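*Asks:* Turn this into a structure:
(chains A, B, C, D, E and F, ligands or ions: 3)
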Amino acid sequence: MTIGQFSMMVVCLGLLFLAIRKNFEPLLLVPIGFGGILANIPGANLALPAVEAAMYSGDAGVLAQLSQALGLSGFESMESLKVAFENAPAAAAERAAQVASDAGFSNGMLYNFYNVAIASGVAPLVIFMGVGAMTDFGPLLANPRTLFLGAAAQFGIFATVLGAVGMSAMGIMDFSIADAAAIGIIGGADGPTAIYVSSLLAPDLLGAIAVAAYSYMALVPLIQPPIMRALTTEQERRIEMVQLRHVSKSEKIVFPLVLLILVALFLPDAAPLLGMFCFGNLMRECGVVSRLSDTAQNALINITTIFLGLSVGSKLAADKFLDPKTLGILALGIVAFAIGTAAGVLMAKLLNMVSKNKVNPLIGSAGVSAVPMAARVSNKLGLEANPHNFLLMHAMGPNVAGVIGSAVAAGVMITMVRAMGG
Amino acid sequence: MTIGQFSMMVVCLGLLFLAIRKNFEPLLLVPIGFGGILANIPGANLALPAVEAAMYSGDAGVLAQLSQALGLSGFESMESLKVAFENAPAAAAERAAQVASDAGFSNGMLYNFYNVAIASGVAPLVIFMGVGAMTDFGPLLANPRTLFLGAAAQFGIFATVLGAVGMSAMGIMDFSIADAAAIGIIGGADGPTAIYVSSLLAPDLLGAIAVAAYSYMALVPLIQPPIMRALTTEQERRIEMVQLRHVSKSEKIVFPLVLLILVALFLPDAAPLLGMFCFGNLMRECGVVSRLSDTAQNALINITTIFLGLSVGSKLAADKFLDPKTLGILALGIVAFAIGTAAGVLMAKLLNMVSKNKVNPLIGSAGVSAVPMAARVSNKLGLEANPHNFLLMHAMGPNVAGVIGSAVAAGVMITMVRAMGG
Amino acid sequence: MTIGQFSMMVVCLGLLFLAIRKNFEPLLLVPIGFGGILANIPGANLALPAVEAAMYSGDAGVLAQLSQALGLSGFESMESLKVAFENAPAAAAERAAQVASDAGFSNGMLYNFYNVAIASGVAPLVIFMGVGAMTDFGPLLANPRTLFLGAAAQFGIFATVLGAVGMSAMGIMDFSIADAAAIGIIGGADGPTAIYVSSLLAPDLLGAIAVAAYSYMALVPLIQPPIMRALTTEQERRIEMVQLRHVSKSEKIVFPLVLLILVALFLPDAAPLLGMFCFGNLMRECGVVSRLSDTAQNALINITTIFLGLSVGSKLAADKFLDPKTLGILALGIVAFAIGTAAGVLMAKLLNMVSKNKVNPLIGSAGVSAVPMAARVSNKLGLEANPHNFLLMHAMGPNVAGVIGSAVAAGVMITMVRAMGG
Amino acid sequence: MQQGLDITLFGMGIVFTFLLLLVICTTIMSRVMTRFFPEAEAAAVRSSAPAASSAAGNARLRKIIEEAVKQHRNRRK
Amino acid sequence: MQQGLDITLFGMGIVFTFLLLLVICTTIMSRVMTRFFPEAEAAAVRSSAPAASSAAGNARLRKIIEEAVKQHRNRRK
Amino acid sequence: MQQGLDITLFGMGIVFTFLLLLVICTTIMSRVMTRFFPEAEAAAVRSSAPAASSAAGNARLRKIIEEAVKQHRNRRK
Ligand code: NA
Ligand code: NA
Ligand code: NA
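*Replies:* Ligands and ions are numbered 1, 2, ... in the order given. The predicted structure is shown next:
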């Protein structure tokens, strides 16, 4: 066992401790932490593809064949072979896989899980469908202005991208523009979106990004309140909001279709994420497919969560996770949360300047998503300032708006990074 | 957005409207309609394989490489490249996929769903297993003669095949014999069977065939009654049938095995469909694996239905669906339903000529399957003619017989079309 | 239909009879038996890969192409072609698959199920996770000494390996060392472990091994009592054990992690099996992911069981199952159970010699696992000897210890057989 | 066109023949089962082979709920 | 660095524009729906389009259990 | 044959050694846990970390049904 593997096991046990004893997003962090331990078992190669397992076997004949399959003139060093495999075109990668298979090696269990669940993109999308089926857009429909709060809170995402690019420009870190985009999405406070984006743009950073995203979501009750208090006056926190109007069933049915059509017209790169989200929500609201909606909210999302978590855990293997970049990601992630929170609160104050129906700025912070934790934080601070001030339902509007906002931001970033050749 | 994509979005919104407001087979038509919208989002390429996405990117270098991979001397036109890809042998198709992958393209989400769920055949088979686990063969076993009604109603299938071939012979349409067979199966009024057969024989028509099959199944209460009234006298409709005998548990357990063995002996090409159907039914009746049977009837069939529906929706992409053939399919489909209904009713009248235990001819129409809608229609018309005439249980016999009959017809057609080199 | 296929159908109907009427492990034997019938339907080729289906079609052109793809100079005989396909390196196998695909052949349904569920290793692992989520380690933690009983009962496994190797040395059978190891694991009395090991070491024997393992597990109430009575005195059977101490929640949470870490340090080849088992158990005990634990114990394990069973059934095709080796496997399997039972009982008597807290030797037999049947047998015999002697909870300790013991033995055997070049 | 006719004729023929066979086999099977394995025995077998615990739980749940419904209806009267 | 600025500016711009569009469309949609398809009709439609049997079953189950709870609570008082 | 003997001897040896280790570690772990994290605290932690809402729902459902059963049984008496 290397010192790296040992450290990662300790880190993963720490994640399990936080998940189980401190209730840190346990549905994800228990499988992620456990998967991380499995990924670091020396000799078990659970997180490796067959080709890498063959490399580590050290058999000279196999190494020579692999080098040839990957277009090298011969085996020089493990390092050069690994680089060749990472950059191999698809045909060479398949030849190498055939060599490994003939030599009796097979893909590790977690590597297979990762490929099926995450590399294909299916697991985050299915979870997003389930989240859609669990989401009630009623509070948002009753007060559509709260969508602006969800938009503002995405500033955390983009500020972090800028931060990551800045760190690279200053030579502190070495993040590509794709890395920066993937890191920024932590600020979306939305696990499946973060995993989906990093699986596309920066698969090597996926472990650190997912861990940061879920950990900081669990820390929302600690991160947000000081920022919220600093940016609001006691007076503002006391604002009571008018009761939400009743939203009809038909509005709820039509809303996911309206959102889908806007996505189709203006943001095709967000179509997988928002499409599945709207599909889940339509199944929920339409009232005629409740057995599908129930399954999407239960058996299907649970099964997917188990394999998604273990797959993310496979990216906690020491050689990928123990990297200065991880520290950078953790640092940038918390900044992203903080900026998003602040932007949401400030946007709420801005709305109050231009509108006569006053908004309590405490609900602005809920725009980062982290459903429903952030909305509960808004409610708690509201009650502190005014015991008759129940903000929970009002905060659910920006809260679900934040989910839409992050998915929109994800689509924008995927499009732009690709256009930049990232 | 092309005009075609726009039209298909309108069509899909129409399907959703019918499913949600008019309760047209919503369990399938909600996912199909939604998948259809997703498939028509311009630029998102959700329903395309990586190779086609690479083609549409228009990058000259990629097009040249694709042309080479597919064995063309060079890139001439998009059309010729598409044709080359469609007809490519497996090795060339894989080379093209490797080119697309190296150029950074990946399969669309819906394309992946289609491949995993339908092209592999697994989703219709799993749904058939679930249907088997939901089917009670008691009424059929109490009155096995009703199997003849289920057989007769399959005439709708074969008459439609003849119709499709005839239209081609007359030059109105251009259906191959495989197309004709796949279209005919709409007359089986059985969704998974229709999807399974068209995925094998005419994948390009799958979208239209599935939409036709499910829509007409929803329209059974409108399509069938006039035909049934026209072919029966008031006197016949008043016939009361003797109460069904009690069927023992052992008979119900042994029946799926008897059916399976007959299939094994005489109809191996129907083995996947009827095998899974019998397996589901055996799990239901044997009484010792209820947890498996429950899962087959709930979580498993629901999960499969979600992905099957979205996958079918992927075939509603404008370039495939907007084709004169679709109109032909819709026209032939309703004729198939009508002929099947008529044949079932007439067969019931024929049975009455040769047997002393009279059969109410209204239950003949239930032989088209469309479980349990067709049986309910029989019951309703029976009550209209005679308020003491409860035909529901009697109609369930031909109803489930129709499921077996369609699967048998499917097996026959697959065998014959393959023998004809289709 | 060949005589072999007919015999296998009769055998499979027999399995179904035992499962349904005699309640022989019906959750597995119903799907296995049914899958076996499907696999033997002549002409349906449900259990065959596309390449073999293409071979049996007998088309001369296809046979020539296949021969070429597999590196033969030309088509000589079916037998030589089959041998070439079985031993083909990965690249040649893929070329052959492409030939078959171009000729219009596709993999059989059961072959696909087998590949996805078993060859990938996922189904046994998922079932093990579910079993972990159903297992209460309380009795084991209250009395950790019972782990020795679970260890001793694994002697059945290794004695059987020796027996299989001996039969080969004597020329009665022709088992390789890998075959012998896979057969031995029947003695572990643990279905998923046996399937996992044989899928890795002896896929051709998987059908017979799985059938033997589940059948003998069902026969535990017949096999064990005579051995237990023969090896214990009336006096010993009357021993009442002190009541188990209360085990705290924290101990139950930490135990799977302790086990996992020991596996990580000393037995990496057992990591997939025991890792998933510990993961399931941690989900159960940690108390914060009950929705995941519920799904692992219900929908997920049921779905997996259905496909695992059908996949095992695919290995009951006549040409693989009807082999003298099958008889050898059945004979060795029951010997393994008997020896394991005896070893467990004797170990309990040994423990009594060195310890003052007496153990009733009847609980030793529960060390073979076969949860919870073996523990019930211990309880029944205990009550016969002493009507106040409730051994059930005491026997649950060695019972679950046997699960761990078999998984450890599996890891050891996989490591050693691979080191021997098996 | 000829192919279409072939499929129609052979197809309907095979469907009818197959279902005729099924009628015959089913009828025979039913007679055999009712004569040699009458319901009483079947019931006995079922009770000797109790369903898996989960199934039993389900059945119990259903029963409990049915009871709850009954109580509720009785109260309403 | 330039790329980072581009992403930030364009990105925030698109997010705001898109959500602004969504606010507008949602508001219009809500007005249209409340004017042309008021709740009463929606309710009527729902009852005329009964959920799939399983869904209905679920609803019934929920109702029954709610009843059971109510009874229980009443008894406790 | 030699291979078979090797597997048997080494195999049983490793199984016993591993489970011996497990016995030792488990015993130590149990002592540590009962000394440093006695049940009371564990219980407190659990209640401070309420299960996911769905789990809670399940528990509630179970409780309600148990109540229904109790009522039913009481009535029968
Ligand atoms: Na967000
Ligand atoms: Na039918
Ligand atoms: Na065991």
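*Asks:* Which one of the residues in the stretch 1-150 of chain A is closest to chain F?
*Replies:* residue A:23 (4.1 Å; CB to the nearest CB). (Glycine included, C-beta is placed from N, CA and C.)
*Asks:* Next one: that residue relative to ligand 1, how far apart?
*Replies:* 21 Å (CB to the ion, to the nearest Å).
*Asks:* Under the pLDDT cut-off, which ranges of chain D? List them.
*Replies:* D:39-77 (pLDDT under 70).
*Asks:* In it, where's the longest helix?
*Replies:* Looking across chain D with DSSP state H, the single longest helix is helix D:2-36.
*Asks:* and stretch A:361-370, does that touch chain E?
*Replies:* No: using CB under 8 Å from any CB of the partner chain, we find that stretch A:361-370 stays clear of chain E, coming within 10.4 Å at best.
*Asks:* ok, is that stretch in contact with ligand 1 or not?
*Replies:* Yes: using CB under 5 Å from the ion, stretch A:361-370 reaches ligand 1 at residue A:369.
*Asks:* How about the secondary structure of residue A:118?
*Replies:* Three-state call for residue A:118 (DSSP: H, G, I helix; E, B strand; the rest coil): helix.
*Asks:* Model confidence score at it, please.
*Replies:* Per-residue pLDDT puts residue A:118 at 95.
*Asks:* check contacts around it.
*Replies:* A:124, A:195, A:199, A:206, A:308, A:311, A:312 (CB atoms under 8 Å, 6 or more residues apart in numbering or on different chains).
*Asks:* what helix or strand does residue A:251 sit in?
*Replies:* In this structure, residue A:251 is located in helix A:249-266 according to DSSP states H and E.
*Asks:* could you say what helices and strands that helix packs with?
*Replies:* When contacts are defined as 3 or more CB pairs under 8 Å, 6 or more residues apart in numbering or on different chains; DSSP states H and E, helix A:249-266 sits against helix A:138-142, helix A:271-286, helix B:3-21, helix B:26-39, helix E:2-36, helix E:39-48.
*Asks:* I'd like to know how many residues surround the residue lying closest to residue A:125 once chain neighbours are set aside.
*Replies:* Distances taken as CB to CB, 6 or more residues apart in numbering or on different chains put residue A:276 closest to residue A:125, at 4.6 Å, once the chain neighbours are dropped. Residue A:276 is flanked by 27 other residues according to other CB atoms under 10 Å in any protein chain shown.
*Asks:* Quick one: residues contacting residue A:276.
*Replies:* Contacts of residue A:276 (CB under 8 Å, 6+ apart): A:125, A:126, A:128, A:129, A:132.
*Asks:* Can you give me every residue that contacts the second one?
*Replies:* By that I understand residue A:126. A:276, A:300, A:301, A:304.
*Asks:* Kindly recompute the last result at 10 Å.
*Replies:* Contacts for residue A:126 (CB atoms under 10 Å, 6 or more residues apart in numbering or on different chains) come out as A:117, A:192, A:276, A:280, A:296, A:300-301, A:303-305, A:307-308, B:303, B:306-307.
*Asks:* cool, and the fourth one?
*Replies:* The neighbourhood of residue A:129, defined by CB under 10 Å, 6+ apart, consists of A:192, A:273, A:275-281, A:283, A:293, A:296-297, A:300-301, A:304, B:306, B:310.
*Asks:* mind running it again at 6 Å?
*Replies:* A:276, A:279, A:280, A:296 (CB atoms under 6 Å, 6 or more residues apart in numbering or on different chains).
*Asks:* Next, find the distance separating the closest residue to residue A:232 other than its chain neighbours from chain B.
*Replies:* Sequence neighbours aside, residue A:361 is the residue nearest to residue A:232 in space, at 5.0 Å (criterion: CB to CB, 6+ apart). Distance from residue A:361 to chain B, counting by CB to the nearest CB, to the nearest Å: 37 Å.
*Asks:* Dump stretch A:398-417 to CSV, restricted to CA.
*Replies:* What follows is stretch A:398-417, C-alpha atoms only, in CSV (Å, rounded to 0.1, in the frame of the first residue of the first chain):
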residue,chain,number,x,y,z
PRO,A,398,-35.4,30.8,-6.0
ASN,A,399,-34.3,27.4,-4.8
VAL,A,400,-35.7,25.5,-7.7
ALA,A,401,-34.8,28.5,-10.0
GLY,A,402,-31.2,27.8,-9.0
VAL,A,403,-31.5,24.3,-10.3
ILE,A,404,-32.6,25.6,-13.7
GLY,A,405,-30.0,28.4,-13.5
SER,A,406,-27.1,26.0,-12.9
ALA,A,407,-28.3,23.7,-15.7
VAL,A,408,-28.5,26.7,-18.1
ALA,A,409,-25.0,27.8,-17.0
ALA,A,410,-23.8,24.2,-17.6
GLY,A,411,-25.1,24.3,-21.1
VAL,A,412,-23.5,27.6,-21.8
MET,A,413,-20.2,26.5,-20.5
ILE,A,414,-20.2,23.2,-22.4
THR,A,415,-21.0,25.1,-25.6
MET,A,416,-18.4,27.8,-25.1
VAL,A,417,-15.6,25.5,-24.0
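*Asks:* ok, is it in contact with chain E or not?
*Replies:* Yes: for stretch A:398-417, a contact with chain E is found by CB under 6 Å from any CB of the partner chain, at A:405, A:408, A:409, A:412, A:416.
*Asks:* neighbouring contacts of that stretch?
*Replies:* Counting by CB under 6 Å, 6+ apart, A:135, A:140, A:146-147, A:149-151, A:153-154, A:157, A:177-178, A:181, A:185, A:188, A:190, A:193, A:197, A:201, A:267, A:269-270, A:273-274, A:363, A:366-369, A:371, A:374-375, E:7, E:11, E:14-15, E:18 sit against stretch A:398-417.
*Asks:* what's the spacing between residue A:209 and chain C?
*Replies:* In terms of CB to the nearest CB, residue A:209 sits 22 Å off from chain C.
*Asks:* now do residue A:235
*Replies:* 39 Å.
*Asks:* Which of the helices or strands spans that residue?
*Replies:* With DSSP H and E as criterion, residue A:235 is part of helix A:234-237.
*Asks:* which element follows the longest helix seen in chain A toward the C-terminus?
*Replies:* Taking DSSP H as the criterion, chain A has its longest helix at helix A:324-354. Toward the C-terminus, helix A:324-354 is succeeded by helix A:373-385 as the next helix or strand (DSSP H and E).
*Asks:* quick one: that next one near chain F?
*Replies:* No: counting by CB under 6 Å from any CB, chain F has no neighbours in helix A:373-385; the shortest distance is 12.3 Å.
*Asks:* the bottom helix or strand of chain A by mean pLDDT?
*Replies:* Taking mean pLDDT, DSSP states H and E as the measure, chain A has helix A:318-321 as its least confident helix or strand, at a mean of 86.
*Asks:* ok, and what's touching that helix?
*Replies:* With CB under 6 Å, 6+ apart, helix A:318-321 has contacts from A:4, A:5, A:8, A:40, A:204, A:207.
*Asks:* just checking, residue A:9 touches residue A:40?
*Replies:* Yes: Residue A:9 is in contact with residue A:40 according to CB atoms under 6 Å; the separation is 5.4 Å.
*Asks:* quick one: which of the two has more around it?
*Replies:* Neighbours per residue (other CB under 10 Å) separate residue A:9 from residue A:40, with residue A:40 holding more: 28 against 23.
*Asks:* mean confidence score for the helix or strand harbouring residue A:406?
*Replies:* When elements are assigned from DSSP H and E, residue A:406 belongs to helix A:392-419. Summarised as a single mean, pLDDT over helix A:392-419 is 92.
*Asks:* Could you give me the buried positions within that helix?
*Replies:* The neighbour-count check on helix A:392-419 (16 or more other CB atoms under 10 Å in any protein chain shown) flags A:392-417 as buried.
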